[in-house]
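J.: The following comprises the amino acid sequence and a computationally predicted model.
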Amino acid sequence: MEKYISKFLVMICVAIAAISYPIVAEAAVETFTISNYSESFVPAENNDAILNIEMTAKTSDEGIIYIPVSVEESEVISASIDGKEVTTELTKVGNVSYFTINSGMPETEVNVRAEISCKDFYAVDNNDPDTGIPTSLMEYKFTNKSPNKIESYNLTIALPNGMEPISVMTPSDVTKYTLSENEEGQRTLSLKGGVAVSGSSTFKFTFGTPFTSNTIAVVIIWVIVIGISAYVLKERLREEK
């Protein structure tokens, strides 16, 4: 009889632990805060991308770091805390997935870096443009799951070789994003700003192959990008009035 009672008590303890784990995990996430967060996507093989993350954060009361999984079918290549290489684990808290790191340093400010492989990031839908140039539509959304406002958020997306930005739909304010070029000669689109608690930052734009490869064509493409964005901003301001 005592043997059966012991087994029953063990089963109850296991059940209680299983039920309480999500609550404990969510409580731990609530004590993890991010002050600065930067993401940079660069093309890899096929339609994949390499995502480089740099983050300044304060670890949870259990010393855990939570890197939000923003792209499905992604996996960590490498990660470090203050320059020291660490291992990560894929963890799900409620409906949100994270790459977690156990720093062993509760409530400590740390600098985190991670390199993540993102499958089919550039495998986006074709778009029917007004410009007559065949384009692809890219939309990326980052949601702040941290319990505090992220004061500094930066996002850069590099386009595959030979591609040019065609139009930017979101953000509509042309002062919120920049167009540039990286060391590999790839066109880049960047935005920055803060992200409120439970808020999000969305980048939506089209890109494609210019009709010619000469300098004049590239200039025309960039004029189209800025012109369309300025027109959208003007129309929205008019609607607000």
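T.: Sure, I can see it.
J.: can we go C-alpha only for contacts and neighbour counts from here?
T.: Fine.
J.: what domains does the record give for this protein?
T.: By the record's domain assignment, the chain is partitioned as 1-32+57-111, 124-240 (automatic domain parsing).
J.: Lowest average pLDDT across those domains?
T.: Per-segment confidence across the domains of the chain bottoms out at domain 1-32+57-111, which has a mean of 79 in mean pLDDT.
J.: All the helices of the chain, in order from the start?
T.: Secondary structure of the chain (DSSP state H): helices at 2-30, 215-240.
J.: what's the neighbour count on Thr56?
T.: Look at Thr56: counted by other C-alpha atoms under 10 Å, it has 20 neighbours.
J.: ok, the nearest residue to it once chain neighbours are set aside - contacts?
T.: Counting by C-alpha to C-alpha, 6 or more residues apart in numbering, Asn111 is the residue found nearest to Thr56 once chain neighbours are left out, at 4.6 Å. By C-alpha atoms under 8 Å, 6 or more residues apart in numbering, the contact set of Asn111 is 54-57, 81-82.
J.: Show the buried residues in these.
T.: The neighbour-count test (16 or more other C-alpha atoms under 10 Å) marks 54-57, 81 as buried among those.
J.: Please render these as TSV that adds distance to Ser152 to the earlier fields.
T.: TSV is the format used below for the buried ones among the contacts of Asn111 (distance: C-alpha to C-alpha, whole Å):
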residue	distance to Ser152
Glu54	11
Met55	10
Thr56	10
Ala57	12
Ile81	19
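J.: Which one of the residues you listed is nearest to Glu181?
T.: Proximity of those to Glu181 (C-alpha to C-alpha) peaks at Glu54, which lies at 19.9 Å.
J.: Please determine how far the closest residue to that closest one other than its chain neighbours is located from Gly208.
T.: Using C-alpha to C-alpha, 6+ apart and skipping the chain neighbours, the partner closest in space to Glu54 is Arg113 (4.6 Å). Between Arg113 and Gly208 the distance is 31 Å, computed by C-alpha to C-alpha, to the nearest Å.
J.: what do you get for Val110?
T.: In this structure, Val110 lies at 39 Å from Gly208, with C-alpha to C-alpha as the measure.
J.: do Ile34 as well
T.: If you measure Ile34 against Gly208 using C-alpha to C-alpha, the figure is 35 Å.
J.: picking that back up, ok, now which ones touch the residue nearest to Glu54?
T.: Counted by C-alpha under 8 Å, 6+ apart, Arg113 has contacts 52-55, 79-81.
J.: So what pairs up with it in the strands?
T.: According to DSSP bridges, Glu54, Ser80 are recorded as the beta-bridge partners of Arg113.
J.: cool, Ile34 as well?
T.: Counting by DSSP bridges, Ile34 is bridged to Ala57.
J.: doesn't Leu191 make contact with Ser201?
T.: No - Ser201 lies out of contact with Leu191 (C-alpha atoms under 8 Å); the separation is 9.1 Å.
J.: Save the contacts of Asn111 as a markdown table, and put in distance to Glu181 too.
T.: Listed next are the contacts of Asn111 as a markdown table, based on distance: C-alpha to C-alpha, whole Å:
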| residue | distance to Glu181 |
| --- | --- |
| Glu54 | 20 |
| Met55 | 23 |
| Thr56 | 26 |
| Ala57 | 29 |
| Ile81 | 29 |
| Asp82 | 29 |
